[in-house]
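[1] Below is the structure, and that's it, no one-letter string:
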């Protein structure tokens, strides 16, 4: 049950000694056709890595034969040499497989600012090409960085399926994250449907997971369709399956977020539009004082009000209500009886906020608490 | 050397048992004239506390006779009862001193969402009125919450002076903070000069200290002028003295920020305008991954690039440079030799970023690292 579950895909993984640990750190995913339809979404960070620029160009044609992955080094902020290294990764993969370079996407994740060890990369690609098979789960493990578990999903429909793998535990944000996701399907779809389904799915999954408001230089989500099932699904059914796979991976990322001890959903209602509700929910989800309170299982709803009051959206400051796990702790911007006694010791916390304008706007974002472990992991990443 | 150093001011402090610790938690500052000129700036948070609304109204006349302070309870998110409590605080203070209520400002800080213990407040005000004297430093201690040290400043000029006290260690942000500041001066100034000097000073001091992007429901900075020196300073000299006092208090707040182990300045250059530079500097200053790296004394400049790349300002993504403590670690968006070896173990870190557009825009913000202690303090505040 992996990205090689849908018919027409093979994958491989190897340890190329890019990660100091010696763990697997390269993966290859190949679409064997008969269709080579592809779509992708990338980071919105202005500082984006050479592999992102290269993959954006490659997938511009709406077709891909393969994606080459490495973990442990993001090949970001590496200038012209980094660009040439990404080109070399692409060409070596294409040469090994007998494709044109332009049909190969490149994804890198890991530390920013170091040059790729190109000898290791090159021999790694040789090994990957020689060991292709139904090794989707191995590939999912090879792209991990500070992930503690690999992340896979499969959505099986009537005669066709969507498989997915992803990595990403920090830097989750509105414009994706240090997040690499690969989706495969054997459904018969054209580039237009693949693209619209992927964009709709990421907007309702990865874009709503916001761990720390940071984004990465390398975020890439790629969908490849082989058509090997011979089945052309209903477009809405296809879009729903892609969304289901993305939501599944996104929730796994939320659970595995760096140092997280709580999964927190923040739902905002009572705004003029869904966009305003999303802005307000993000503002709360990024507030460190709120996130620390959640780590302490502290129903300190005053932090929710202080945070949401800074959101750039219309609200009625005297008519805000807040509920934790279904219990109203604040009504008309005042405490309710027992508000300090709500039990937040569980792993999941649902925060509901009504901004009191009577509007029909609503949105939910998914975040985590801010813990000692987050600080620990992120204060000693390069050292 | 306190807020009672300028002629014409008296102050007092008392323990009214609002803080569970039993430490002093109320203070009174009185302007004995002959002038009663006043100006104030308040939080921009839409959710603002009754004392903020009341003080905004009081200072609207450009005059104040006194400010009554309490710590341990913010009287925020307390609805109509909270508004009536703030009014009662104002009236009791006015009655004790023989002033009109409208000439008294009210400042509260502490936990959000609890009602004030009005009996304690009332007897506290009685004590404060009976013990007025040159007790500025006692007042500075009484307004502390999680501050570890009291914060005072004095700027002495030729025959006149500006005194200041402040409290605030978290929630520092562009629109002030859980920050209460009182400035006193015996200079002869009118309301217009007091107001312009105060606004210019806060823009270049408190507004540039940004610890966690959060803001408070209660932030208030008040300037009172007694005219008791009889000296009318040059307006520019007066503005400079007010700014010096504000910058001094702001730096003390930065040093005492919750859980901080580093003082970090972030300077951005090479943007089209100062406003763009400020936006970019704030974006970096609020990035948790960057702040964790600083806590770890880790010269992980990739985090600076990943953060600044999300700033909503024009930049040349291939021509960004970064320096830590004067050593260039990134040039043309690539690592320099020795970039990973820069020593950041000291308490002060200066980050300089040039966004490469050739523009003349520049700005500096002041923040801190994100430490275990920040998480510790803020995960157990109400409990």
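    That came through fine. Given the structure is predicted, the values throughout are model-derived calculations rather than measurements.

[2] Can you tell me the closest non-neighbouring residue to the residue of the stretch 1-150 of chain A found nearest chain B?
    Closest approach between the stretch 1-150 of chain A and chain B, counting by C-beta to the nearest C-beta: residue A:112, at 2.6 Å. C-betas here are computed from N, CA, C, even on glycine. The shortest distance from residue A:112 to any non-neighbouring residue, by C-beta to C-beta, 6 or more residues apart in numbering or on different chains, is to residue B:302 (2.6 Å).

[3] quick one: average confidence on stretch A:25-40?
    Mean pLDDT, stretch A:25-40: 97.

[4] buried stuff in it?
    A:25-31, A:35-40 (16 or more other C-beta atoms under 10 Å in any protein chain shown).

[5] In strands, which of these appear?
    Mapping these onto strands (DSSP state E) picks out A:26-31, A:37-40.

[6] Using JSON lines, please lay out those residues together with distance to residue A:157.
    Below are those laid out as JSON lines (distance: C-beta to C-beta, whole Å):
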{"residue": "A:26", "distance to residue A:157": "31"}
{"residue": "A:27", "distance to residue A:157": "25"}
{"residue": "A:28", "distance to residue A:157": "26"}
{"residue": "A:29", "distance to residue A:157": "21"}
{"residue": "A:30", "distance to residue A:157": "23"}
{"residue": "A:31", "distance to residue A:157": "19"}
{"residue": "A:37", "distance to residue A:157": "17"}
{"residue": "A:38", "distance to residue A:157": "20"}
{"residue": "A:39", "distance to residue A:157": "19"}
{"residue": "A:40", "distance to residue A:157": "22"}
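
[7] and those, which two are the farthest apart?
    A:26 and A:37 (24.8 Å; C-beta to C-beta).

[8] Tell me how far the residue of chain A most remote from its centre lies from chain B.
    Most distant from the centre of chain A: residue A:337, at 39.8 Å, with distances by C-alpha atoms, centre = their mean. Residue A:337 is 12 Å from chain B, where distance means C-beta to the nearest C-beta, to the nearest Å.

[9] ditto for residue A:355
    10 Å.

[10] Correct me if wrong: that residue contacts residue A:317.
    No. If you go by C-beta atoms under 8 Å, residue A:355 and residue A:317 don't touch, sitting 9.0 Å apart.

[11] Can you check which residues contact both of those two?
    The contact sets of residue A:355 and residue A:317 do not overlap (C-beta atoms under 8 Å, 6 or more residues apart in numbering or on different chains).

[12] Name the residues of the stretch 201-350 of chain A found near chain B, please.
    A:212-217, A:286-289, A:292-293, A:295-296, A:298, A:300-303, A:305-311, A:315, A:317-318, A:320, A:330, A:332-335, A:339-340 (C-beta under 8 Å from any C-beta of the partner chain).

[13] Helices - which of those residues land there?
    Applying DSSP state H to these, the entries found in helices are A:288-289, A:292-293, A:295, A:301-303, A:305-308.

[14] element containing the closest residue in space to residue A:150 that isn't next to it in sequence?
    Nearest residue to residue A:150 in three dimensions, chain neighbours excluded: residue A:140, at 4.2 Å (C-beta to C-beta, 6+ apart). Element membership for residue A:140 (DSSP states H and E) is helix A:136-142.

[15] What is that helix packed up against?
    strand A:9-14, strand A:26-31, strand A:66-73, strand A:151-156, strand A:161-167 (3 or more C-beta pairs under 8 Å, 6 or more residues apart in numbering or on different chains; DSSP states H and E).

[16] so where is the stretch 101-250 of chain A shaky, pLDDT-wise?
    A:169-177, A:211-215 (pLDDT under 70).

[17] For it, which segments count as helices?
    Under the criterion DSSP state H, counting those that start in this stretch, helices of the stretch 101-250 of chain A are mapped to A:118-130, A:136-142, A:191-203, A:235-255.

[18] quick one: contacts of the shortest one?
    Okay, so that is helix A:136-142. Applying C-beta under 8 Å, 6+ apart, the contact partners of helix A:136-142 are A:2-5, A:9, A:11-15, A:23-29, A:69, A:71, A:150-152, A:163, A:165-167, A:182.

[19] what are the ranges of the strands in the stretch 201-350 of chain A?
    Chain-ordered strands for the stretch 201-350 of chain A, with DSSP state E, counting those that start in this stretch as the definition, fall at A:220-225, A:263-271, A:321-324, A:327-331, A:334-335, A:348-354.

[20] Single out the most deeply packed of those strands.
    strand A:220-225 (a mean of 28; mean count of other C-beta atoms under 10 Å in any protein chain shown).

[21] which residues are in contact with that strand?
    Residues from elsewhere that reach strand A:220-225 (C-beta under 8 Å, 6+ apart): A:9, A:29, A:31, A:35-43, A:51-52, A:55, A:59, A:64, A:67, A:105, A:107, A:176, A:179-189, A:194, A:197-198, A:202, A:206, A:242, A:246.

[22] picking up where we left off before, columns distance to residue B:90 and neighbour count on top of the ones in helices among the residues of the stretch 201-350 of chain A next to chain B, output as JSON lines?
    Converted to JSON lines, those look like this (distance: C-beta to C-beta, whole Å; neighbours: other C-beta atoms under 10 Å in any protein chain shown):
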{"residue": "A:288", "distance to residue B:90": "33", "neighbour count": "26"}
{"residue": "A:289", "distance to residue B:90": "29", "neighbour count": "26"}
{"residue": "A:292", "distance to residue B:90": "33", "neighbour count": "27"}
{"residue": "A:293", "distance to residue B:90": "31", "neighbour count": "26"}
{"residue": "A:295", "distance to residue B:90": "38", "neighbour count": "24"}
{"residue": "A:301", "distance to residue B:90": "27", "neighbour count": "29"}
{"residue": "A:302", "distance to residue B:90": "23", "neighbour count": "29"}
{"residue": "A:303", "distance to residue B:90": "27", "neighbour count": "26"}
{"residue": "A:305", "distance to residue B:90": "23", "neighbour count": "25"}
{"residue": "A:306", "distance to residue B:90": "23", "neighbour count": "30"}
{"residue": "A:307", "distance to residue B:90": "28", "neighbour count": "27"}
{"residue": "A:308", "distance to residue B:90": "28", "neighbour count": "27"}
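
[23] want to try a markdown table for the residues you listed, with distance to residue A:135 and pLDDT as columns?
    Below are these laid out as a markdown table (distance: C-beta to C-beta, whole Å; pLDDT from 0 to 100):
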| residue | distance to residue A:135 | pLDDT |
| --- | --- | --- |
| A:288 | 41 | 85 |
| A:289 | 45 | 84 |
| A:292 | 42 | 89 |
| A:293 | 44 | 89 |
| A:295 | 38 | 92 |
| A:301 | 49 | 91 |
| A:302 | 51 | 88 |
| A:303 | 46 | 88 |
| A:305 | 51 | 92 |
| A:306 | 50 | 87 |
| A:307 | 45 | 89 |
| A:308 | 46 | 93 |
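
[24] just those residues now: which is nearest chain B?
    residue A:302 (2.6 Å).

[25] a markdown table please, covering the helices and strands packed on helix A:136-142 and showing distance to residue B:378.
    Shown next, in a markdown table, are the helices and strands packed on helix A:136-142 (distance: least, C-beta to C-beta, whole Å):
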| stretch | distance to residue B:378 |
| --- | --- |
| strand A:9-14 | 41 |
| strand A:26-31 | 39 |
| strand A:66-73 | 33 |
| strand A:151-156 | 30 |
| strand A:161-167 | 30 |
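
[26] Fine by me, thanks again.
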